[in-house]
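Q: Here you go, sequence then predicted model.
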Amino acid sequence: MDRLVLTPDERDEITALVEEVLGRDSTPDVLGIAEEGTVLAERLPHRLRDFLAGIRADESEIAVISGLSVGDLPPTPVDWRAAAATGAGRHAEIVLLLCASALAEPFGWASQQDGRIVHDVCPGRGQESSFTSASSRLALSLHTEDVFHPCRGDYVALLCTRNPEQTATTLARLDAREVPEDFLAVLSEDRFRFYPDDSHVPAERRQAGDDRLTSRYHTVGKVAFGPPDRPYLRFDLDFMDAVEGDEDAAKAISVMHDYLVASAQEVVLAPGDLVMIDNYRVVHGRNPFAPRWDGNDRWLKRLNLIRDIRRIYLHNGSRSRILG
C-alpha cells in the first residue's frame, strides 16, 4: 500500500482551492466541476500530483492520502437521498473530485443515486442487511465495483468524513503465484456470468421480479485476465455465477472466494483519509458495524474514475460522464 501524508501547508493549499471553487456559486454544479476537474487538479500541491502520477504509471493497487480537510460537517445523513437534497458534505465532495481528477476521469451512473457523480456512503434504515453500500450489520463482501459492465471504473475513490467505530475497509488482490494453476486456467476463460448489483436496480423492480435491467446487462467473461504475471481481476460472489452447467467454473468461484477472504487486509480510514483502489487489481468490501443513528455514523464520499473518458462517451453515444 502506498501512502502520502499531507503537510499542514499542503492541506491549506487544497482547502483554499476548494473554497475558491465553492465560492463561485451558492449551489455549485458538481457535474460541471467534474468536467473541469483535470484543469483544476493542475493547481493541487506538486507532491500530491507527483504521488498520483506514480500510482497511475505503476498500476499501484491501493493508495491512501491522509490529512485532507472535510469541512464543517452536518449530522450524517439518514441516507443518500437526504444528502442529495441538502448538499451535505459539499466541501468534502469537491476535495474528492479535485484530488481524484489528478489520477483519472470522474464519471457516474444514471442507475445509481439518481445519476449523481459523487455518491454518499452512509447506513440506511431498513437496508442494514442489503447488498449495497447502505448496509451495515452484514459485511459487504469483497467485490469489483460494477462488475457487470465493460465500462466499470479503473479506480474507486473513497474519502472518509466520519468513522467513529473505526470500521475497516477490506481489500484483497489476486497473486497468480498463490492460486493453483488448474483453477487459474478456468478463471482465465469466458465461463462466468456477471450481473448488476442491487444499487443499479430499484427496490420496487426487485420486489416485482422485474429483471429487465439484469437481462440487458448480463455479460459473460473471465475472472482473471490481462498480464499473466500481474493479472487483472473481476469478481463479485453475490452478483456472478458460472455459465449454466459448468461445474468446474462454479468450483473455481468458490475456491477464488476462499482465497480472497483468506488473503484480505483491512484498512481503517480516519476522517480526511482518501483511498484510491485499483478496481482492476483489487476487490474491496467492508466489515459490519452497528449504526447508532445519532448523526455521527460512518460516512464516506465515493467516486468512480476511468482512465479513458472516451470509453464512456462511446458507450453513451454522447459526451456525457453519466453512464446511461
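A: In hand now; what should we look at?

Q: Name all residues that make contact with A264.
A: Shown in contact with A264 (C-beta atoms under 8 Å, 6 or more residues apart in numbering): 142, 170-172, 285. Quick note: C-beta positions are derived from backbone N, CA and C, even for glycine.

Q: isn't there a strand covering S254?
A: No: counting by DSSP: H, G, I helix; E, B strand; the rest coil, S254 is located in no strand; its state is helix.

Q: where's it relative to V147, distance?
A: 17 Å (C-beta to C-beta, to the nearest Å).

Q: neighbour-wise, which of those two wins?
A: V147 (25 against 12; other C-beta atoms under 10 Å).

Q: Now do that one, the pLDDT please.
A: For V147, the model assigns a pLDDT of 95.

Q: Could you tell me how far it is located from H119?
A: For V147 relative to H119 (C-beta to C-beta), the value is 17 Å.

Q: I figured A134 hits W80, correct?
A: Yes: with contact defined as C-beta atoms under 8 Å, A134 and W80 form a contacting pair (7.2 Å).

Q: and for the two, which residues touch both?
A: Joint contacts of A134 and W80 (C-beta under 8 Å, 6+ apart) are 121-122, 124.

Q: Would you format those residues as JSON lines with neighbour count and distance to S130 included?
A: Shown next, in JSON lines, are those (neighbours: other C-beta atoms under 10 Å; distance: C-beta to C-beta, whole Å):
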{"residue": "V121", "neighbour count": "21", "distance to S130": "13"}
{"residue": "C122", "neighbour count": "25", "distance to S130": "13"}
{"residue": "G124", "neighbour count": "20", "distance to S130": "8"}
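
Q: Tell me which of those fall in strands.
A: Those of these mapping onto strands are V121, per DSSP state E.

Q: of all the shared contacts of A134 and W80, which comes closest to R302?
A: V121 (5.1 Å; C-beta to C-beta).

Q: Mind listing the residues bridging to the nearest residue to that closest one once chain neighbours are set aside?
A: Leaving aside its sequence neighbours, V121 sits nearest to L300 (C-beta to C-beta, 6 or more residues apart in numbering; 4.0 Å). Beta-bridge partners for L300, by DSSP bridges, are V121, C160.

Q: between A134 and W80, who's got more neighbours?
A: Comparing A134 with W80 by neighbour count (other C-beta under 10 Å), the higher total belongs to W80, at 23 against 20.

Q: how far away is L17 from C99?
A: For L17 relative to C99 (C-beta to C-beta), the value is 10 Å.

Q: if you count what's nearby, which of these two comes out ahead?
A: C99 (25 against 18).

Q: How about the contacts made by that one?
A: 14, 41, 44, 48, 52, 65, 68, 157, 274.

Q: Likewise for R47?
A: Neighbours of R47 in contact, by C-beta under 8 Å, 6+ apart: 4, 10.

Q: next one: phi and psi at it?
A: phi -60, psi -40 (degrees, to the nearest 10).

Q: same question, G67
A: Dihedral angles phi and psi of G67 (degrees, to the nearest 10) take the values phi 100, psi 10.

Q: circling back: so what sits against both of L17 and C99?
A: L44.

Q: Verify the assumption that E13 is located in a helix.
A: Yes: checked against three-state DSSP, E13 lies within a helix.

Q: Kindly provide the distance from it to P271.
A: Applying C-beta to C-beta, the value for E13 to P271 is 19 Å.
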